[in-house]
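> Quick one, fold the following:
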Amino acid sequence: MSSNVGLSTPRGSGTSGYVQRNSAFLKPRAAGFGAPYPPVSSSSIDKPSSGFKQRQPDKQILEHDRMRAIEVKVLEERERLEEENEDREKDKKMPLAEEEIDEKCDALRKKLMKEMEDGPDEGPKERRQFKSYQVHEQAEAKMQESERLRKALGIKEDWERPESREKDGSGGRRELAPSSRRSRE
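Residues are numbered from 1 along each chain as shown. You can find the predicted model right below:
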């Protein structure tokens, strides 16, 4: 045995005394970069929490995914044009030059980029349509959903949750007005 870990002696314990680490134990995340919640400080313990704060999606990652989708469409168009070129060569028709294919691909890329910048998204996205690893897309969809719900219910942006009922000592129960007590009896 080393460093006072485990049994002082395995004798009579029915084990060999071999100590191994528990690989099922998950250490809590260190508060810092990538941590989902801010660290708890002594000042925040005294004050009631300001409520739930939605984690903001990373705009650069979302932009990168949109750019990748555009490039996929451009590459699909390029492959289609190259296959069309092969068919033209078989039929002994005039094939497109490589420069013409590049120009058409560049034109499509510019058109898709302009649509991405000008046009709104495809509409409201549902969180269910995303995979579990698409956390930024899910966060963006959740924010849009929360915004639609807030507008539908007429809640102002600067609205804050009212104080808890537990602080007034009633334990969540409200007293009935005297007139309503008589009507119940």
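> Could you say which helix or strand holds the closest residue to residue 66 other than its chain neighbours?
Excluding its sequence neighbours, the residue lying closest to residue 66 (C-beta to C-beta, 6 or more residues apart in numbering) is residue 116, at 5.8 Å. All C-beta atoms are positioned from the backbone trio N, CA, C, and that covers glycine. Under the assignment given by DSSP states H and E, the secondary-structure element containing residue 116 is helix 98-118.
> Show residues contacting that helix.
Contacts of helix 98-118 from elsewhere in the structure, counted by C-beta atoms under 8 Å, 6 or more residues apart in numbering, are 66, 70-71, 73-74, 77-78, 81-82, 85.
> need the helices for the chain, in chain order.
42-46, 59-90, 98-118, 135-153, 178-184 (DSSP state H).
> Among those, which comes closest to residue 21?
Proximity to residue 21, assessed across the helices of the chain by C-beta to C-beta, is greatest for helix 135-153 (29.8 Å).
> and the closest one, which residues are buried?
Neighbour-count burial for helix 135-153, counted by 16 or more other C-beta atoms under 10 Å, picks out 136-141, 144.
> what are the C-alpha coordinates of stretch 94-104, in CSV please?
Listed in CSV are the C-alpha atoms of stretch 94-104, where the atom choice follows Å, rounded to 0.1, in the frame of the first residue of the first chain:
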residue,chain,number,x,y,z
MET,A,94,-19.1,21.3,-77.3
PRO,A,95,-18.1,20.8,-73.6
LEU,A,96,-17.8,23.6,-71.1
ALA,A,97,-14.4,24.9,-70.4
GLU,A,98,-13.0,24.8,-66.9
GLU,A,99,-13.1,28.6,-66.7
GLU,A,100,-16.9,28.6,-67.5
ILE,A,101,-17.5,26.0,-64.8
ASP,A,102,-15.6,28.2,-62.3
GLU,A,103,-17.5,31.3,-63.4
LYS,A,104,-20.9,29.5,-62.9
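> What average pLDDT does that stretch get?
The average of the pLDDT scores along stretch 94-104 is 89.
> Next, the buried residues of that stretch.
So for stretch 94-104, counting by 16+ other C-beta under 10 Å, buried means 95, 101.
> just the buried residues of helix 135-153 now: which is nearest residue 11?
The shortest distance between residue 11 and any of the buried residues of helix 135-153, using C-beta to C-beta, involves residue 138 and amounts to 55.5 Å.
> I'd guessed that closest one sits against residue 144; true?
No. Using C-beta atoms under 8 Å, residue 138 is not in contact with residue 144; the gap is 10.8 Å.
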